[in-house]
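Asker: Model the following, please.
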Amino acid sequence: MKEFDAIIIGGGLSGSSTALNLSKKGYSVLIIEKEATGIIKPCAGGMASSMKQYLPLDIDQAIESKIRNVEFRWESSDNVNADLSGESPFWIIRREKLDQLLLDEALKNGIEILRPAQVEEIISQNKTWRIKCSHKDIYKSKYLVIADGSQSQWAGYFNLGPRKPKFANTIALRLKGLGNIPKDSVRFEFGFIKYGFAWAFPLKDSVNIGLGTFINNKLLEDEALNNKVLKSFGFEDLSFEKVHKKLRIWNGTHKLNGDRVVAVGDAASLCDPFLAEGIRPSLISSYFAAESIHQCLSSNKSDLNTYSIKINNEWGKSMAWGKRIAQIFYRFPKTGYQLGVKRKTAPKRIAQILSGQMSYEDIAKRVIKRLLTNSQG
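Answerer: Numbers count the residues shown, from 1 in each chain. Below you'll find the predicted structure:
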């Protein structure tokens, strides 16, 4: 029976980055991942370049585009553009490449990975986790990290995050070519998807496209509407494979740790409730989870409360305002577009939120007041 300092359930972005951060500090780590290798991940791939501070390696190989402009449209017209300031503050990364880079570096540092394997049972015994997998082997660890994504079965088991998670329903796909999307721009398309929006993020020779709704999840079942959105992005060949995914979005401040266990990334319900951004909270939570576990292991303590406090301060305060903006904006989207996106300073502010230069809290009170006043009028 092998014993580790930490066992991580899930080997995606959150799990791999947590493993890397822990392995850099010399700890023994096991990742248990249910999926086989080689899975294409057509997520948007948008990442603020400021997030490199949370990654202890060079990720240039995974960067496909450096974005200098953000486009907003209402039903393929009524365009609004915002230039990003600074030196490449927003990147488009190829998710499968980033995940693999993180995992490969962690493996070089001595971590182990078990895949494909399902976790069947977790038992706490004498301040040690005993984890039984589908092939019946048992592994032991001092700490446990829940990183099994938006469909996490273990976050609820340990009462981490909201008791009743809130989900956004999305369709993600990757199309060859760039359509009519400039290689250094991302586009947000409002109006077509009621209570939601569509986005197009360019890679080197393809585009990650997504459609998401935060209120009525059945809206994405309309094939004609979906095709209309894709054509607005400049694509005529609609023979593609769609990936349906539910994103566990931020829904209030909750405890993200228990006794010797933490939840990170999507499993912790950290996805942005307004723009559905998931990479930034995954990297932030993975970094601070590793820091908290390191503090406990290095001082022979087991209190991980600092992790929940840090994430709720670093991420939750901004998301609380993002949620309030989303609740109004997606119920009154046309008003929201006219008074929010089309307002002279708004595109710049949204671009700054995407690039990590500004939080929702910085702009929310003014935006909410305008939206409420006009929607009630």
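Asker: Give the rounded mean pLDDT of stretch 280-297.
Answerer: For stretch 280-297, the per-residue pLDDT values average out at 97.
Asker: Just list the residues touching the nearest residue to Ala117 once chain neighbours are set aside, thanks.
Answerer: Spatial nearest neighbour of Ala117, excluding adjacent residues (CB to CB, 6 or more residues apart in numbering): Cys133 at 4.6 Å. Where C-beta positions appear, they are placed from N, C-alpha and C, glycine not excepted. Cys133 makes contact with Ile32, Leu114, Ala117, Gln118, Val119, Glu120, Tyr139, according to CB atoms under 8 Å, 6 or more residues apart in numbering.
Asker: What separation do you get for Cys133 and Ile32?
Answerer: For Cys133, the distance to Ile32 (CB to CB, to the nearest Å) stands at 6 Å.
Asker: Please spell out which residues along stretch 47-64 are buried.
Answerer: Met47, Ala48, Ser49, Met51, Tyr54, Leu55, Pro56, Ile59, Ala62, Ile63, Glu64 (16 or more other CB atoms under 10 Å).
Asker: and which of these is nearest Val261?
Answerer: Val261 lies nearest to Tyr54 out of the buried residues of stretch 47-64, by CB to CB, at 21.1 Å.
Asker: Next up, the contacts around the closest one.
Answerer: Ser17, Leu283, Ile284, Ser286, Tyr287.
Asker: And it, how far from Thr18?
Answerer: Tyr54 is 11 Å from Thr18, by CB to CB.
Asker: Need the contact partners of stretch 91-103.
Answerer: 11-13, 16-17, 19-20, 31, 38-49, 55, 57, 59, 61-67, 113, 186, 201-203, 208, 279.
Asker: what about 7 Å?
Answerer: Stretch 91-103 is contacted from outside by 11-13, 16-17, 20, 39-41, 43, 45-47, 49, 57, 59, 61-67, 201-203, using CB atoms under 7 Å, 6 or more residues apart in numbering.
Asker: How far off centre is that stretch?
Answerer: 13 Å (CA atoms, centre = their mean, to the nearest Å).
Asker: ok so, going back, top of the contacts of Cys133 by number of neighbours, please.
Answerer: Ile32 (24 neighbours; other CB atoms under 10 Å).
Asker: ok so, going back, redo the contacts of Tyr54 as CSV? Include secondary structure, neighbour count and distance to Lys176.
Answerer: Rendered in CSV, the data for the contacts of Tyr54 read as follows (DSSP: H, G, I helix; E, B strand; the rest coil; neighbours: other CB atoms under 10 Å; distance: CB to CB, whole Å):
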residue, secondary structure, neighbour count, distance to Lys176
Ser17, helix, 32, 29
Leu283, helix, 26, 28
Ile284, helix, 22, 32
Ser286, helix, 29, 31
Tyr287, helix, 22, 34
